[in-house]
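Trainee: Predicted model and sequence follow; I will ask about them next.
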Amino acid sequence: MISAVEQGLIFAVLALGVFLTYRILDLPDLTVDGSFTTGGGTAAILLVNGCDPFLATLAGFAAGALAGLITGILHTVLKIDGLLASILTMIGLYSINLHIMAGPMVSVNLRNGKPVDTLFSGFRLAGDLFSWKMVLILAVAALAIKLILDWFLATNFGLAVQATGDNPTMALADGISTRLTKNVTLMASNGLAGLSGALYCQFNGAADSQMGVGMILVGLASVIVGNAILGTRWMFLATLGVIVGSVLYRLVIFWAMDLHLASAGDMKLISAILVVIALVISKNAWLRKVFQRLSPWRNKADVPEPLLDPALVAVPADDLDDAESDGSQERGAAALPKQAPANAGKEN
Amino acid sequence: MLTLTDVSKTFFANTVNERKALRHIDLTLADGDFVTIIGSNGAGKSTLLNVIAGSLPCDQGSIVIDDQDVTRLQDYRRASFISRVFQDPSAGTSPHLTIEQNMAIALTRGAHRGLGQGVTRARRAHFREELETLGLGLEDRLRTRVGMLSGGQRQALSLLMASFTKPRILLLDEHTAALDPQRAERVTELTRRVVADNGLTALMVTHNMSQALDLGNRLLMMHEGEIMFELDSETKEHTTVEDLMARFSSVKGQISDRSLLN
């Protein structure tokens, strides 16, 4: 159980990267399947060659970011569709990862009979790898990354990134180079995937060429489940939700295996089914409402407005004049008949 | 301040669908000019705005803003001179961002965007002041997502966002066409005010003839990619919608006769 929470927190770093592309940029980026391994493999090969663990982990971030830049260039310069560009990079990275690791697997536990120095080797030797102390440290790390993301997205550049995904027409008209914002976001996203991979290989004791397979689903499941629980109204809660979602996802898999409902080989299938369920809930208005009722946090968090006036929200067509008039109850009713002459007049 | 010289644009060149959207357009706007453009569908009005904004590259000719040739400049780079309001109320704002975040994006239009906070206390006060001029109560809803606003409110906000930064040129592309007459009227009034208050140079495309006569100091009529005639502010004052309709049909008649003879 502790191990599941710890894994959830490590994968939360990847999920925060997926949040950047899937939610903010509105581009489902499959590169993470490759860049997770690229980051893990790069860190692993540096570690066994005696590199400082912090530097090796940072190199994992950089390697992932580079992979993201390749997708970005394919998409923004060569004008290949975003999803296809990310698939191309992901496939290509498979070979590159084998070259980086000089084989299908690199162990970071022991090298020539001596233990390899990693971020977690101290905890491993002290027997603290699976402890609440470790959970606390990983949670602080994940929250720190989340807070950096929150800060970044609120900067002038971060707002430009958000506008790029939200309304590209407006972004260009307001002087935003969407090519720049897309590339930077893809780099940040895959950098986080690489960082997550670097942490995971040190936690797990090895990097292997298959470790990234299906990571996009892990990330998507965390983002969708987390956002369904905590909402997306406030960025602070949206990114927090991603971490919560990632931990929940690991716990679900842990319990499924604990109850012998599934074996290790079924994990990918569980991932896929979880994403389908989460997507259906988030797309279906009725199910979403039920889900919101059940969720203890959501109600306050995602009411779209302090609801100055319920009628303003209920009747989308109400307008300029309504801001001046009073009487909130009649407004909803009064606004509807107004529609008829409005549409007729448009024909002229 | 804005000079178009011999600007042409052809779509689907050298195919059966070839359409000459702009033919050798020459147009000069002086500082403070507010030009309204009318014309039937396919006259090239929107293409003209898109070519000026840089969303479409022109095939030939040059576009000069303040002595700087911008013909080869990409659209997002021209945004430091030009701001736009689109016909679709949802095109000019970002629905998932709040009112204040949208305004912060407009405020940094064409400028370097760094890692400073987008919405600061000083900026928020500034936005509140600007929103108060709309008289829609939006100044008390700074943290409302723009997607929650109605079409008219969004278009009013778009207009404010496009103008409060005092761009060199304001392009309005049928920005009241998607609104019902009542709201359209209010946005029209708002347009008159923001252009006058900020002393903007503006180009407005419209299908509404009385609006075209009512606003601005110059009126252009376009047809099949050409500017057919222009009214200066004096002539414009004495012209009625009926006069305009008559000239409109005569121009169209001439053209169809000419094409018949050819």
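Mentor: Everything's here; your move.

Trainee: so which strand or helix has the closest residue to B:Glu230 other than its chain neighbours?
Mentor: Closest residue to B:Glu230 apart from its sequence neighbours, by CB to CB, 6 or more residues apart in numbering or on different chains: B:Leu220 at 5.2 Å. For the C-beta atoms, the positions are set from N, CA and C on the backbone; glycine is no exception. Applying DSSP states H and E as the criterion places B:Leu220 in strand B:218-223.

Trainee: Check A:Val106 too.
Mentor: Per DSSP H and E: strand A:105-107 holds A:Val106.

Trainee: how about that strand: buried residues?
Mentor: Across strand A:105-107, burial judged by 16 or more other CB atoms under 10 Å in any protein chain shown covers A:Val106.

Trainee: Over to stretch B:53-68?
Mentor: B:Ala53, B:Gly54, B:Ser55, B:Leu56, B:Cys58, B:Gly61, B:Ile63, B:Ile65.

Trainee: Need phi/psi at B:Leu136.
Mentor: Phi and psi for B:Leu136, reported as degrees, to the nearest 10, are phi -110, psi 0.

Trainee: Equivalent analysis for A:Trp132, please.
Mentor: In terms of degrees, to the nearest 10, the main-chain angles of A:Trp132 are phi -70, psi -20.

Trainee: what sits against it?
Mentor: By CB atoms under 8 Å, 6 or more residues apart in numbering or on different chains, the contact set of A:Trp132 is A:Ile2.

Trainee: helices or strands up against the helix or strand that A:Ile277 is a member of?
Mentor: For A:Ile277, the element it lies in under DSSP H and E is helix A:267-283. For helix A:267-283, the elements it packs on are helix A:215-230, helix A:235-258, helix A:285-294, judged by 3 or more CB pairs under 8 Å, 6 or more residues apart in numbering or on different chains; DSSP states H and E.

Trainee: okay, those helices in TSV with distance to A:Val135 and mean pLDDT next?
Mentor: Shown next, in TSV, are these (distance: least, CB to CB, whole Å; pLDDT from 0 to 100):
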stretch	distance to A:Val135	mean pLDDT
helix A:215-230	17	90
helix A:235-258	10	92
helix A:285-294	26	67
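
Trainee: quick one: the helices in the stretch 1-150 of chain A?
Mentor: A:2-18, A:32-48, A:53-76, A:82-101, A:121-125, A:132-154 (DSSP state H, counting those that start in this stretch).

Trainee: Tell me how far the first one lies from the chain's centre.
Mentor: A distance of 10 Å separates the centroid of the chain from that of helix A:2-18, by CA atoms, centre = their mean, to the nearest Å.

Trainee: any idea of the mean pLDDT for it?
Mentor: The pLDDT scores in helix A:2-18 average 96.

Trainee: In space, what's closest to B:Val195 - neighbours in sequence excluded?
Mentor: Distances taken as CB to CB, 6+ apart put B:Ala202 closest to B:Val195, at 5.1 Å, once the chain neighbours are dropped.

Trainee: cool, B:Val251 as well?
Mentor: The shortest distance from B:Val251 to any non-neighbouring residue, by CB to CB, 6+ apart, is to B:Met228 (4.8 Å).

Trainee: Pull the contacting residues for that neighbour.
Mentor: B:Met228 neighbours (CB under 8 Å, 6+ apart): B:Gly39, B:Met221, B:Met222, B:Val251.

Trainee: Any chance of the backbone angles for it?
Mentor: B:Met228 adopts backbone torsions of phi -80, psi -50, taken as degrees, to the nearest 10.

Trainee: Which pLDDT value belongs to it?
Mentor: B:Met228 carries a pLDDT score of 88 in this model.

Trainee: What are the phi and psi values at the nearest residue to A:Met105 once chain neighbours are set aside?
Mentor: Spatial nearest neighbour of A:Met105, excluding adjacent residues (CB to CB, 6+ apart): A:Asp208 at 4.1 Å. Taking degrees, to the nearest 10, you get phi -140, psi 160 for the backbone angles of A:Asp208.

Trainee: tell me the contacts of A:Asp208?
Mentor: Applying CB under 8 Å, 6+ apart, we find A:Asp208 in contact with A:Met101, A:Pro104, A:Met105, A:Val106.

Trainee: Export those to TSV and append columns for pLDDT.
Mentor: Formatted as TSV, these follow (pLDDT from 0 to 100):
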residue	pLDDT
A:Met101	93
A:Pro104	92
A:Met105	91
A:Val106	91
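
Trainee: Which member of the buried residues of stretch B:53-68 is positioned nearest B:Asp26?
Mentor: When those are ranked by distance to B:Asp26 (CB to CB), B:Gly61 comes first, at 8.5 Å.

Trainee: Listing request: residues of chain A with sub-threshold pLDDT.
Mentor: Applying pLDDT under 70 to chain A picks out residues A:285, A:287-348.

Trainee: longest helix in it, by residue count?
Mentor: What stands out as the longest helix in chain A, according to DSSP state H, is helix A:178-204.

Trainee: close to chain B, is that one?
Mentor: Yes: residues of helix A:178-204 are located near chain B by CB under 8 Å from any CB of the partner chain, namely A:Thr178.

Trainee: Kindly spell out which helices and strands sit in contact with that helix.
Mentor: Contact here means 3+ CB pairs under 8 Å, 6+ apart; on that basis helix A:178-204 packs against helix A:2-18, helix A:32-48, helix A:53-76, helix A:156-166, helix A:168-173.

Trainee: Work out the gap between it and the centre of the chain.
Mentor: Between the centre of helix A:178-204 and the centre of its chain there are 10 Å (CA atoms, centre = their mean).

Trainee: and the direction of it versus that of helix A:53-76, what angle?
Mentor: Between the axes of helix A:178-204 and helix A:53-76, defined by axes from the mean of the first three to the mean of the last three CA atoms, to 10 degrees, the angle is 140 degrees.

Trainee: who in the stretch 151-300 of chain A is up against chain B?
Mentor: Neighbours of chain B within the stretch 151-300 of chain A, by CB under 8 Å from any CB: A:152, A:154-160, A:162-163, A:166-167, A:169-178, A:232.

Trainee: that older thread, what about the residue nearest to A:Met105, distance to A:Ala15?
Mentor: Per CB to CB, to the nearest Å, A:Asp208 is found 21 Å from A:Ala15.

Trainee: try B:Leu131
Mentor: B:Leu131 is 37 Å from A:Ala15, by CB to CB.

Trainee: What of A:Ala198?
Mentor: Using CB to CB, A:Ala198 is found at 15 Å from A:Ala15.

Trainee: can you check A:Leu195 too?
Mentor: A:Leu195 sits 12 Å away from A:Ala15, going by CB to CB.

Trainee: between these two, who's got more neighbours?
Mentor: For A:Leu195 versus A:Ala15, neighbours defined as other CB atoms under 10 Å in any protein chain shown are more numerous around A:Ala15 (34 against 31).

Trainee: OK, contacts around the more buried one?
Mentor: By CB under 8 Å, 6+ apart, the contact set of A:Ala15 is A:Val218, A:Gly219, A:Ser222, A:Val223, A:Gly226, A:Val242, A:Ile243, A:Gly245, A:Ser246.

Trainee: B:Ala178: what secondary structure?
Mentor: Secondary structure, DSSP: H, G, I helix; E, B strand; the rest coil: B:Ala178 is coil.

Trainee: Contact partners for it?
Mentor: For B:Ala178, the contact set (CB under 8 Å, 6+ apart) comprises B:Gln87, B:Asp88, B:Pro89, B:Gly151, B:Gln155.

Trainee: Go through these and flag which are in strands.
Mentor: Assignment to strands by DSSP state E places none of the contacts of B:Ala178 there.

Trainee: Please identify which residue in the stretch 1-150 of chain B comes closest to chain A.
Mentor: B:Ala79 (3.0 Å; CB to the nearest CB).

Trainee: which residues sit in contact with A:Tyr200?
Mentor: Neighbouring residues of A:Tyr200 by CB under 8 Å, 6+ apart: A:Gln7, A:Ile10, A:Phe11, A:Phe36, A:Gly40, A:Met211.
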